[in-house]
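> prediction below, plus the sequence it came from.
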Amino acid sequence: MEIIVCIKQVPDTTDVKIDPKTGRLIREGIPVIINPDDKAAIEAALQLKANGKITVLTMGPPQAEEALREALAMGCDDAILLCDFKFAGSDTWATANAIAAGIKKIGKYDLILCGRQAIDGDTAQVGPQLAESLNLPQITYVQKVEINGGKVKAERELEDGYEIIETGMPALLTIVKEMNEARYPTLQGIDKAYEAEVKTWKAADIGADENKIGLKASPTMVKKVFSPSAKGQGLILQGSIKEMAHDLVERLKEREIIQKF
Amino acid sequence: MRVKLTTAYSGPSLDLGLGVTISSGEELEAPDTTEVDNALAQGFLEEIEEEKKAKKGEITEGDEVWIFAEQRNGKIARVVFELLSKGRELADKLNVKLAAVLLCEKDCGSKELVAYGADKVYLVEDEKLKNYKTDFYTKIICDLIKNEKPQIVVYGATHIGRDLGPRIAQRIATGLTADCTGLDIDSDGLLLQTRPAFGGNIMAQIKCKTKPQMSTARPGVFKLASKDEKRKGEMIKANVVVDEKSSLTKVLDIIKAAKKKVNLEEAKIIVSGGRGLCDKENFRMIEELAKLLGAEVGASRAVVDAGWIPKDHQVGQTGKTVRPMLYLACGISGAIQHRAGMQNSEVIIAVNKDPNAMIFSIADYGIVADIKQFIPALISELKKQ
C-alpha cells in the first residue's frame, strides 16, 4: 500500500506575539515542531503501511526540511518539500491547489493522510480542500481506522460520539491526535534520515497553475492581525466568605450569565 | 479599502506589509498595516472610491445571505439559530434576504428557521439526506449556490460544517474563513470576518475577494435572538437527485457516546480546579458546582498529572484552549501555561487563598479565600436562586 502523509511545521506554542509596528507575527526564537495531528497521521501511516511505502510531503520554507527528516527518522520512506516563493502567502484554497499538484506528480497512492488541523491556523480546511482537488472521498476527524479487503473503515469523531464510515481507495483521511501515541525515532532511523534525500519541488516542477497558488491567487485576504486586548486586573471582592458568595452570584445574575443557562 | 500606486511613487512596486506588494497599475485591497498608513500619508498610495450600496430600506432580490441549517437526526443544531440571529443583522445591513438551507429526510424545522429570522428556506427532502454525507451535501449545496448566487454563506463550525464548508469552497473556487467569532459588514459592503488563530492568542480579520464569501462560525459565540412564531417566510422546495451508486462512502453506523464527552471547547461555563483543592476527594466539590451551573469541568495540569481527573479535562497550553462565557478558576495559581488556554474567556472568576496568585491578574472578579470553604458557600448561595 502506498500512503502519502501531508504535514506542516508549526511553532511549538500558541503563545505568539505580534510586532505592533509591522503587524507581523514574531516567529524568531520560537522552536518548531511537526504539527501534533500531523504526527498522529504519520504514526497511523506507519501502522497501516504493511509492505508498502510512505511518502511524507510538506509545503513551506527551506527549514521545513527538518520536519520531513524527523518523519523519515520515524520510519517514512520518502520525503518531498514543496518550496517556492510563488507558494508564499497561500490561503487554504491555494495551499490545497499547490499540494494537489505535488501529489499528482507523485502519481500513485492508495491513501492520503493529513492531520485534522494545524495548531497555528486551526482551520482544518486544507485536508477536505485537497480531497476535493483530487476528487477523492474524504473522512475527517478520524479517531480509528482499519483497512480490509481494499476498503477503509474509519471512526469519525462527532461532538457527542462517532460515526463509522466505509469507503473505497484511494481516499483522504484527516487524523486527530488522540488516535495514537506517536513513536520516537530510533537512533538507526535518525542516521538513515540524515543520509536520505529530501526532494525539493518548485511550482514549475509540479506544473502548478500560477493563477491558483500564492498570495495573489488566494480568495481570502488578511486585513489585520492583532493581539486580543489583555484583560486588566478586575475587582477583588470583599467581606466574609458568605458575603462574597452572595455578591458573586448577584454580579453574575446582573451580567446575565446565570439565568441564561 | 482598495488602493493603487500614485505617480508620486517612482519604484516598480511597494511593500504594504503582511506579505502584500503592489505594483504600478495594479489595484488591490489594502491590508490594515502601518506601511499602508505611511504610504497614504506620503501620497504614494491613493484610495479608489467605490460606488455606494443601495439605499437603506430597499430590499434587493438575489445577493442573499445564506445559513446552512445543519440537522442531525431530524433536529436542527442550536448553532443554526445563533447564525440566523447574526445573519439577520448582516442581511439587514445589506438590504437583502436571509435564507436557510435545509437538507433532510422530511422537513424538520423550516417554520422554526423562519421564526428565528429567515426570510426564505431552501428545503431539499430525500431519505438519502437523513444523515450527513460529504458528497451528497456538497453536490446539492454547490448546485444551489450556482443557481441562486448568494453573496454570503455561513456554516456552523461543527464537525459537519468543518467537513462540508471546505469541500464546497474548493469546488466553487471561493474563499472560506474557518471558525469565525465575529462577522460584520464592512464600509465597502463586504463581509468582515474575525477569527482567532494560535489558540486564540492572535486575532485576524479576513475578507474574501470572491463570491460567495463563506465562513464557518463557532457555536456559542453569537447571541440567540428571540423567536417570533408570527414571522412569515417563503419556502422553496428544491428538487435534487442524488444517486446512492455515485457515492463512494457509506455511513455504517452512528454511535452516541455512552458517557457524555468532555466538550470544553464549546462549553458556555467551565469550572476548573487546581492544586488548591488539596486532594482528590475535595475535587468532587468542583464537579458538584459544575453540575449546578450546567458547566463542564476543567482542570490544571497539576491535578491531571496527580490523577485526580482524566487528561481530557485539562485546560492550558498542553491541554485544551477554551473561551467560555464564564471561567471559574478554583485553587489554580495561574501559571502562564494555564492562562494561555483560558485567558480569552469572557468573564473570569478566580478563587485562591494567595492574594499574589497570577490568576488574579486576568480575573474579572477575584476572591481571596480558601477554595475548600468558598465552594460550599457558593453552592448554597446558588441553591437559593
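Noted; the coordinates are in hand. Numbers count the residues shown, from 1 in each chain, chains lettered A, B, ... in the order given.
> next to chain A, which bits of the stretch 101-250 of chain B? Give me the list.
B:131, B:134-135, B:138, B:158-159, B:162-163, B:165-167, B:169-171, B:173-179, B:192, B:196-210, B:248-250 (Cβ under 8 Å from any Cβ of the partner chain). Every C-beta, even on glycine, is put in place using the N, C-alpha and C of the backbone.
> which among these count as buried?
Neighbour-count burial (16 or more other Cβ atoms under 10 Å in any protein chain shown) applied to these gives B:131, B:134-135, B:138, B:158-159, B:162-163, B:165-167, B:169-171, B:174-179, B:192, B:196-209, B:248-249.
> so A:Ile139 makes contact with A:Glu155?
No - contact criterion Cβ atoms under 8 Å: A:Ile139 and A:Glu155 do not qualify, at 9.0 Å.
> quick check, the longest strand anywhere in chain A touching chain B?
Counting residues, the longest strand found in chain A (DSSP state E) is strand A:138-148. Yes - applying Cβ under 8 Å from any Cβ, one finds strand A:138-148 touching chain B at A:Gln138, A:Ile139, A:Thr140, A:Tyr141.
> element containing B:Ala118, please.
Using DSSP states H and E, B:Ala118 sits in no helix or strand.
> for it, which non-adjacent residue is spatially closest?
Spatial nearest neighbour of B:Ala118, chain neighbours left out: B:Ala100 (4.3 Å); criterion: Cβ to Cβ, 6 or more residues apart in numbering or on different chains.
> what residues does whichever strand or helix holds B:Leu378 touch?
In this assignment (DSSP H and E), B:Leu378 forms part of helix B:371-384. Contact with helix B:371-384 is made by A:241-242, A:244-246, A:248-249, A:258, B:273, B:276-278, B:282, B:285-286, B:288-289, B:292-293, B:330-331, B:351-353, B:367, as judged by Cβ atoms under 8 Å, 6 or more residues apart in numbering or on different chains.
> flag every buried residue along it.
B:Ile371, B:Lys372, B:Phe374, B:Ile375, B:Ala377, B:Leu378, B:Ile379, B:Glu381, B:Leu382.
> mind listing which of the contacts of helix B:371-384 are in helices?
If you go by DSSP state H, these have A:241-242, A:244-246, A:248-249, B:282, B:285-286, B:288-289, B:292-293 in helices.
> nearest to chain A: which residue in the stretch 1-150 of chain B?
As assessed by Cβ to the nearest Cβ, chain A sits closest to B:Asp32 within the stretch 1-150 of chain B, at 3.7 Å.
> any idea how far the closest residue to that residue other than its chain neighbours is from A:Val10?
Of all residues not flanking B:Asp32 in the chain, A:Lys224 sits nearest, at 3.7 Å (Cβ to Cβ, 6+ apart). Per Cβ to Cβ, to the nearest Å, A:Lys224 is found 22 Å from A:Val10.
> neighbour count: those two, which is higher?
A:Val10 (22 against 16; other Cβ atoms under 10 Å in any protein chain shown).
> the more buried one is in contact with A:Gln117, isn't it?
No - using Cβ under 8 Å, A:Val10 makes no contact with A:Gln117, being 10.4 Å away.
> correct me, but B:Lys223 touches B:Glu82?
Yes - contact criterion Cβ under 8 Å: B:Lys223 and B:Glu82 qualify, at 7.3 Å.
> out of those two, which sits in the busier spot?
Higher neighbour count among B:Lys223 and B:Glu82: B:Glu82, with 22 against 9, using other Cβ under 10 Å.
> name the helix or strand for that one, please.
Element membership for B:Glu82, per DSSP H and E: helix B:78-94.
> spatially nearest residue to residue 138 (excluding sequence neighbours)?
In the absence of a named chain, this looks at chain A. A:Ala131 is the one closest to A:Gln138 (Cβ to Cβ, 6+ apart), at 3.7 Å.
> hmm, I had chain B in mind actually
Spatial nearest neighbour of B:Thr138, excluding adjacent residues (Cβ to Cβ, 6+ apart): B:Arg167 at 4.6 Å.
> OK, contacts around that neighbour?
The neighbours of B:Arg167, taking Cβ under 8 Å, 6+ apart as the test, are A:Pro128, A:Gln129, A:Ala131, A:Glu132, A:Gln138, B:Thr134, B:Thr138.
> what's the mean pLDDT across stretch B:288-303?
For stretch B:288-303, the mean pLDDT works out to 93.
> ok, so what distance separates the most centrally placed residue in chain A from A:Ala67?
The centre of chain A sits closest to A:Ala118, judged by Cα atoms, centre = their mean, with a distance of 3.3 Å. Counting by Cβ to Cβ, the separation of A:Ala118 from A:Ala67 is 12 Å.
> out of the buried residues of helix B:371-384, which two sit at the greatest distance?
Largest separation among these by Cβ to Cβ: B:Lys372 and B:Leu382, giving 16.9 Å.
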